[in-house]
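> My questions concern the predicted model and sequence given below.
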Amino acid sequence: MNVLASRQDLDLFHYEMECIIRMFLPGEQVRFFDQQPEEEPIHIRVTGEGGRCAVTLETGDFSQCLEEDCGGSDKDRERAVCRLLFRLLQSRTGKTFAWGTLTGVRPVKLVRRLREQGMGEAEIEERLGRDYLTSPEKVRLCLNTDQNQRDILDSAAPGDCSLYVSIPFCPSRCSYCSFVSHSVEKSRALVPEYLEKLYEELAVTGELLREKGLRLRTVYVGGGTPTVLDAGQLRGLMDVLRARFPMDACQEFTVEAGRPDTIDREKLEILANAGVERISINTQSMSNAVLRAVGRNHTKDQFLRAFMTAKEFDFTVNVDLIAGLEGETADSFCTSLDQVVALGPQNITVHTLTLKRASTLYGEKNLQLPGDIPVGDMVDYAHRTLAAAGYAPYYLYRQKNTVDSLENVGYAKGDSRCAYNIFIMDETHTILSAGGGGVSKIVRGEQDIRRIFNYKYPYEYVQRFPQVLARKQALRELL
Ligand code: SF4
């Protein structure tokens, strides 16, 4: 798809235009020109100046031009061009997307900003519908989510921080995975050396925390699948965390247990004894055929056994599900959700499948998202069913290349919300990260967030560990 627009328009918002084109036409190559190329056909033209803009779409047998008044600012013009492009592609493809032209990762933050400017709910709904063509249902979801996380955000104080610890190993690789999750069979030999370096990084991070007088609010051990570590390794990690950080004063300690096939009673006991209060056991689907198709080496029964064992301890349990997995139908997704709801975990997180470049699925499917899976219906069903069962949405984020451009939502019963998830999504306070693929975020103000990246792959992390420590030094200067 070739797009012709003025240099200024391209400089300012070619990214947004590309996101919208990809939403309607996934897999389409998008090229931008600021002058008519001699031999290239142009499919989309953006024209107009000042307070008026027009977008024309011409593809084969389809030709249409839409225009509208658009105010004077660059932002107004950007929104108008995106709306016009959205409507043209809607008309051309017959598709529509409930979030409209809103493409950011954190729509709840936008809603909160509008609330803080004094807007009421009806006005916010009207504003997002008008500016971004966002459906009233999605705006209400953001409003509810904002409401349900407000007290936790309000409790944040200067000097608060959280800690993220990455264990980027998994027993096998899910076809949709883009994380740096080395299959343990292939890289088991690396685990002891990885942990040795990680412990060193945690020691330096703990010193930093003390030196800067930061208050540790939450700790989240994720990955990957932390419970892929054997019992001795897991105990070692817990011991290091307790030795290096003020875990007794920390308000929330979460470990992602992730894959049910890595969980047993001994490991759960180690976590419980170390003060872990929250775990995630992620079945993603309750259909064995779907689990096989996406490369997860566990069954529904293994998930049920892991869940029941976890219930013997006093954990707050989250269960993840994904809408849109290969082989999943609307019926099988709804059945999965109903079965998980019947188990009564305190938290259920409903993700929508995202195709990421690093995933096997992306390579095989070349970003052709399955068009015939009614993912919107699945997500709507989840929202209705969870609301009826007493779960409220408390954090929400969106990602690029998600099926139907939908969202990921964490739901919680009662007061079982995971504060770490809220803090990381809201970018409320500094998150110190340790381990391969970890990203430390230093929040110095709403508009001043610095990121320091660790090496992604475990072997890189191990081999370049001196640089990891050097980056921690850079972090010290930013805190
Ligand atoms: S369990 Fe998660 S991190 Fe591990 S391979 Fe699957 S999607 Fe990736």
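Happy to help now that I have it. Numbers count the residues shown, from 1 in each chain.

> Bridged to the residue nearest to residue 252 when sequence neighbours are not counted, which residues?
Nearest-residue entry for residue 252: residue 218, 4.2 Å, with adjacent residues in sequence omitted and distances by CB to CB, 6 or more residues apart in numbering. Using the backbone N, CA and C atoms, a C-beta is placed for each residue, glycine as well. Note on residue 218: beta-bridge partners by DSSP bridges are residue 162, residue 252.

> mind listing the strands for the stretch 101-250 of the chain?
For the stretch 101-250 of the chain, the strands defined by DSSP state E, counting those that start in this stretch cover 160-167, 169-170, 182-183, 215-223.

> what is the orientation angle of the last one with strand 160-167?
Going by axes from the mean of the first three to the mean of the last three CA atoms, to 10 degrees, strand 215-223 is angled at 20 degrees with respect to strand 160-167.

> In strand 215-223, which residues are buried?
Neighbour-count burial for strand 215-223 flags 216, 217, 218, 219, 220, 221, 222, 223 (criterion: 16 or more other CB atoms under 10 Å).

> what packs against that strand?
In terms of contacts (3 or more CB pairs under 8 Å, 6 or more residues apart in numbering; DSSP states H and E), strand 215-223 is packed against strand 160-167, helix 231-244, strand 252-258, helix 419-426.

> Rebuild the ones you listed as TSV, extending it with mean neighbour count.
Formatted as TSV, the helices and strands packed on strand 215-223 follow (neighbours: other CB atoms under 10 Å):
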stretch	mean neighbour count
strand 160-167	24
helix 231-244	17
strand 252-258	25
helix 419-426	22
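
> between the ones you listed, which one is nearest to the ligand?
Closest to the ligand of the helices and strands packed on strand 215-223, according to CB to the nearest ligand atom: strand 252-258, at 5.1 Å.

> just to revisit the earlier point, next, format the buried residues of strand 215-223 as TSV and append distance to the ligand and pLDDT.
Converted to TSV, these look like this (distance: CB to the nearest ligand atom, whole Å; pLDDT from 0 to 100):
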residue	distance to the ligand	pLDDT
216	25	97
217	25	97
218	20	98
219	19	98
220	14	98
221	13	98
222	9	96
223	6	87
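
> Mind putting those residues into JSON lines with distance to residue 165?
Shown next, in JSON lines, are the buried residues of strand 215-223 (distance: CB to CB, whole Å):
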{"residue": "216", "distance to residue 165": "12"}
{"residue": "217", "distance to residue 165": "15"}
{"residue": "218", "distance to residue 165": "12"}
{"residue": "219", "distance to residue 165": "7"}
{"residue": "220", "distance to residue 165": "7"}
{"residue": "221", "distance to residue 165": "5"}
{"residue": "222", "distance to residue 165": "7"}
{"residue": "223", "distance to residue 165": "9"}
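
> Report the residue spans of this structure with pLDDT below the cut-off.
Within the chain, the stretches with pLDDT under 70 are 179-184, 356-372.

> Name the residues of it found near the ligand, please.
Contacts of the chain with the ligand, taken as CB under 6 Å from any ligand atom, map to 170, 173, 174, 177, 179, 181, 223, 224, 225, 258, 259.

> Name whatever forms a beta bridge with the residue most central in space within the chain.
Residue closest to the mean C-alpha point of the chain, counted by CA atoms, centre = their mean, is residue 397 at 5.6 Å. Partner residues in beta bridges with residue 397, using DSSP bridges, are residue 408.

> Surely it and residue 105 touch.
Yes: counting by CB atoms under 8 Å, residue 397 touches residue 105, with 5.5 Å between them.

> Provide a list of residues in contact with residue 289.
If you count contacts by CB atoms under 8 Å, 6 or more residues apart in numbering, residue 289 has them with residue 327.

> for residue 140, same thing?
Neighbouring residues of residue 140 by CB under 8 Å, 6+ apart: 121, 125.

> Equivalent analysis for residue 247, please.
For residue 247, the contact set (CB under 8 Å, 6+ apart) comprises 216, 219, 241, 253, 274, 275.

> Quickly note the distance from it to residue 428.
Per CB to CB, to the nearest Å, residue 247 is found 21 Å from residue 428.

> Likewise for residue 451?
Computed as CB to CB, the residue 451 to residue 428 distance reads 15 Å.

> cool, and residue 190?
The spacing between residue 190 and residue 428, counted by CB to CB, is 34 Å.

> Now residue 269. Nearest residue, chain neighbours left out?
Nearest residue to residue 269 in three dimensions, chain neighbours excluded: residue 313, at 7.3 Å (CB to CB, 6+ apart).

> what's the neighbour count on the one you found?
By other CB atoms under 10 Å, the residues close to residue 313 number 16.

> List phi and psi for it.
Residue 313 adopts backbone torsions of phi -100, psi 180, taken as degrees, to the nearest 10.

> can I assume it is in contact with residue 270?
No: using CB under 8 Å, residue 313 makes no contact with residue 270, being 10.6 Å away.
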